[in-house]
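Asks: Just a sequence and a predicted model for now, questions to come.
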Amino acid sequence: MKPAYIDPKKPLIDLHRHLDGAIRLETVVELAEEKGVELPAYDVEGLRPHVVVEGKAAGLMDFIGRMETLTAVLTDLDACRRVAYENVEDALREGIDYVELRFSPWFMAKANGLDPEGLVEAVADGVIAGERDTGVRAQIIGIMSRTYDTETCHQELDALLAHRDHLAAIDLAGDEEKFPARLFREHFRRAREAGLSVTVHAGEVEGPYSVWEAIRELGASRIGHGIHSIEDPELVEYLVEHRIGLEVNITSNIQIGMVDDYAGHPVKEILERGIVANLNTDDPAISGIDLHHEYEVAAPRAGLTPEQTRLAQANALEMAFLSEEEKKALLKKKQSL
């Protein structure tokens, strides 16, 4: 009998999923043909090697370059609305009950000079329509792309806060080394004053100091990746005590080269040391995976037992940017099926 890595009576949740890294290849081809966008190929199989990583990417910038191929077709706000809607549809197809979709309005807008504020509204419209039509609970997280510089991030935050009521949280992504968290104190003060939760990409490329900065300087209650946290016993103790969750992305970490292979991934140690952590897809269109793959293929290869994957699944509900009432309702709905 096949071991149950996913508990059918608990919600299946993805908390770290980049909307712009989860665009269907079929949609990319359709939009490119419709809008006259230049692509390396105009059929799904021809395009696949230019987007989907086989084995390992050449590094983080190669990964981002693949994402730029996906976003090149976002020539107008209708296209942005469409891919947001399809993200929720795809969550339904994967059997996901709750998903948090994150995106950088500047990154999605830059190729075709779209208005970032209008883009945020279009994405929100698409996600809301997707929720309505699929029954999947979905929220959006706004990303500031630190790599663009601090001033651009203020403009990006302005675009996000203009639609604050549609956001669950604010995130910071990009080059951890060249743009450390402390440069963005003021941005996150504004986000927190607007009542938004905070998650920050940290401890993916850089060491534990990056996670400490995300927590102390920016007020992060969750960390994107955070796999280097276990190198600092004091940080581990802090994460455990304060229930600060790590959004783990096994396949993505291996493809980008943050860890060498499944056996070398620290997710098992993270869970065994009592840190609240869950499993996510990161950029499923680029990684060529879905959430079931992370639970049923990647996690076992990384040494997780079915008990540990089900713990990660339960952790996801605890970590979700939902009220306690919403969490209870999500659990009740799943258990009634």
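Replies: That came through fine.
Asks: burial measure for Glu94, as a count.
Replies: Using other CB atoms under 10 Å, Glu94 has 17 neighbouring residues. (Each C-beta comes from the backbone N, C-alpha and C, glycine too.)
Asks: What residues does the closest residue to it other than its chain neighbours make contact with?
Replies: Nearest residue to Glu94, sequence neighbours excluded (CB to CB, 6 or more residues apart in numbering): Asp290, at 4.9 Å. Neighbouring residues of Asp290 by CB atoms under 8 Å, 6 or more residues apart in numbering: 94, 281, 284.
Asks: dump the residue contacts of the first one.
Replies: Shown here is Glu94, whose contacts under the criterion CB under 8 Å, 6+ apart are 12, 290-292.
Asks: can you put those in JSON lines and add secondary structure?
Replies: Compiled in JSON lines, the contacts of Glu94 are given as follows (DSSP: H, G, I helix; E, B strand; the rest coil):
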{"residue": "Leu12", "secondary structure": "coil"}
{"residue": "Asp290", "secondary structure": "coil"}
{"residue": "Leu291", "secondary structure": "helix"}
{"residue": "His292", "secondary structure": "helix"}
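Asks: still on that earlier bit, which one of the contacts of Asp290 is nearest Leu39?
Replies: Set against Leu39, the nearest of the contacts of Asp290 by CB to CB is Pro284 (19.7 Å).
Asks: From Ala194, how far out is the residue nearest to that closest one when sequence neighbours are not counted?
Replies: Excluding its sequence neighbours, the residue lying closest to Pro284 (CB to CB, 6+ apart) is Ala22, at 5.1 Å. Distance of Ala22 to Ala194, computed by CB to CB, to the nearest Å: 26 Å.
Asks: and Leu19, how many neighbours does it have?
Replies: Neighbour tally, Leu19, other CB under 10 Å: 27.
Asks: Enumerate every residue touching it.
Replies: So Leu19 contacts 83-84, 87, 101-103, 123, 140 (CB under 8 Å, 6+ apart).
Asks: let's see 10 Å
Replies: 80, 83-84, 86-88, 99-104, 108, 123, 126-127, 138, 140-141, 143, 283 (CB atoms under 10 Å, 6 or more residues apart in numbering).
Asks: now do Thr251
Replies: Thr251 makes contacts with 53, 262, 265, 279-284, 286-289, 293-294, 297-299, 301-302, as judged by CB under 10 Å, 6+ apart.
Asks: Which pLDDT value does the model give it?
Replies: On pLDDT, Thr251 comes in at 97.
Asks: One more: the one 5 residues further on?
Replies: pLDDT, the model's per-residue confidence, is 93 for Ile256.
Asks: cool, Lys2 as well?
Replies: 74.
Asks: three-state assignment of it?
Replies: Per three-state DSSP, Lys2 ends up coil.
Asks: related to what we said a few turns ago, I'd say the residue nearest to Pro284 and Ile286 touch.
Replies: Yes - the pair Ala22 and Ile286 qualifies as a contact (CB atoms under 10 Å) at a distance of 8.5 Å.
Asks: Next, show the common contact partners of those two.
Replies: In contact with both Ala22 and Ile286: 67, 70, using CB under 10 Å, 6+ apart.
Asks: what about Arg17, which SS state?
Replies: Arg17 falls in the strand class when you classify it by three-state DSSP.
Asks: Quick check: closest non-adjacent residue to it.
Replies: Counting by CB to CB, 6+ apart, the residue nearest Arg17 is Thr281, at 5.3 Å.
Asks: What are the boundaries of the helices in the stretch 101-250 of the chain?
Replies: 105-110, 116-134, 150-161, 185-193, 208-218, 233-242, 250-256 (DSSP state H, counting those that start in this stretch).
Asks: Now list the buried members of the contacts of Thr251.
Replies: Taking 16 or more other CB atoms under 10 Å as the criterion, what is buried in those is 53, 262, 265, 279-284, 286-287, 289, 293-294, 297-299, 302.
Asks: Tell me which of these fall in helices.
Replies: 284, 286-287, 293, 299 (DSSP state H).
Asks: any idea which of those is closest to Gly59?
Replies: Checking these one by one against Gly59 (CB to CB), the nearest turns out to be Ile286, at 13.2 Å.
Asks: wait, isn't the closest one in contact with Val52?
Replies: Yes - contact criterion CB under 10 Å: Ile286 and Val52 qualify, at 6.4 Å.
Asks: Quick check: neighbours shared by these two?
Replies: Counting by CB under 10 Å, 6+ apart, the residues touching both Ile286 and Val52 are 66, 255.
Asks: next structured bit after the worst-scoring helix or strand of the chain on mean pLDDT?
Replies: Every helix and strand of the chain was ranked by mean pLDDT, DSSP states H and E. The lowest is helix 60-71, at a mean of 90. Following helix 60-71 in sequence order, the next helix or strand is helix 77-93 (DSSP states H and E).
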